[in-house]
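In: quick one, structure for this:
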Amino acid sequence: MCPLATMQPYFVFGTDKFVQHKYLSDGISHIYTFKADVSDRHDYMIIPDGCVNLLFGYNGGGMDAKLYGVMNHAQLFRPDKDEYFGIRAYPEEFFPMFDLAADELVNSMTDIRDVRYIRDYLLRFSEARSFDERTAVFLRFSHETLRKAPGRGNELIKSVKAYIIEHGGNDSVNDIAGYFSYSARYLNRLFDERLGLSVKEFSEIVRLQHILFRMKNDDFDTLTELALEEGYYDQAHFTKKFREYMNISPAACRRKINETGFRKKIVTVA
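Out: Next up is the predicted model:
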């Protein structure tokens, strides 16, 4: 099975160091941490990544816990805590835990401090003092609670997602449906119910994330070349879709990656 590897570039732009653990199993994409300067008016954005992001914010005034649902466009995020511990998770694995329909969490932020599953762990999270300790607390939480949530997982969704990821998000909905011998309507309804996204929206997100990794790795010569290689029919189409998902142009994003020390800020731990 091919998991979706993702990034949230604005978290990296706005910090001195972004520490991540690529988990890529049990419904979890990444576990990460970063510090934010709340006095700086830097605007963070949460961009579409096909996931939900659970963010636990810490400072001297205490801790909060928020769930940012699946996005189909960039959403403003203004940090009000000094440090964040986050989990990026696959929605079809996590929505059942909150007993909420996927469409209730699309393009939304929900305070989850009073959710029973979270409330039981808040004290343990607040007492943890390091990234390793917080990761260990969350993985115990995942093992004891999330894996027992009813309705988790769907083999067809996993297979379709893996196919889309393997093909870089470039196949049409009809081609995908034909490969799996289902109607496009059925697959779209299934994705909407479990992810809060259509098959096309998820495919576009996969393509965007692939492009961001190519930008990070400087794996192209010109943006026009990148657009054509990633299946866009011209530069204007590419720029329009990129702005929709990132809130800045491809050229501006490339400059930010090159000028902010983006690559050196990311620290990946085992």
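In: what about the strands in the protein?
Out: With DSSP state E as the criterion, the chain has strands at 18-25, 28-35, 44-46, 52-59, 62-68, 75-77, 83-89, 109-111, 266-268.
In: mind listing what's buried in the second one?
Out: So that's strand 28-35. If you call a residue buried by 16 or more other CB atoms under 10 Å, then strand 28-35 has these buried ones: I28, S29, H30, I31, Y32, T33, F34, K35. (C-beta placed from N, C-alpha, C; glycine too.)
In: the spatially closest residue to the third one that is not a sequence neighbour: neighbouring residues, count only.
Out: Once flanking residues are discounted, H30 sits nearest to R88: 4.5 Å by CB to CB, 6 or more residues apart in numbering. Residues contacting R88 under the criterion other CB atoms under 10 Å number 25.
In: use 48 as the first number from now on
Out: Will do, 48 is the new start, and the previous item becomes R135.
In: so R135 versus T269, what's the distance?
Out: Distance of R135 to T269, given as CB to CB, to the nearest Å: 31 Å.
In: quick one: low-confidence residue ranges for the stretch 48-197 of the chain.
Out: Scanning the stretch 48-197 of the chain for pLDDT under 70 picks out the ranges 48-50, 87-89, 142-147, 193-197.
In: what sits against Q122?
Out: Listed by CB atoms under 8 Å, 6 or more residues apart in numbering, the contact set of Q122 reads M92, I93, I94, Y115, N154, M156.
In: check Y168 too.
Out: Y168 neighbours (CB under 8 Å, 6+ apart): V184, F185, F188, T192.
In: distance of the closest residue in space to S230 that isn't next to it in sequence relative to K208?
Out: In space, and not counting its chain neighbours, S230 is closest to A224: 5.9 Å by CB to CB, 6+ apart. Taking CB to CB as the measure, A224 falls 14 Å from K208.
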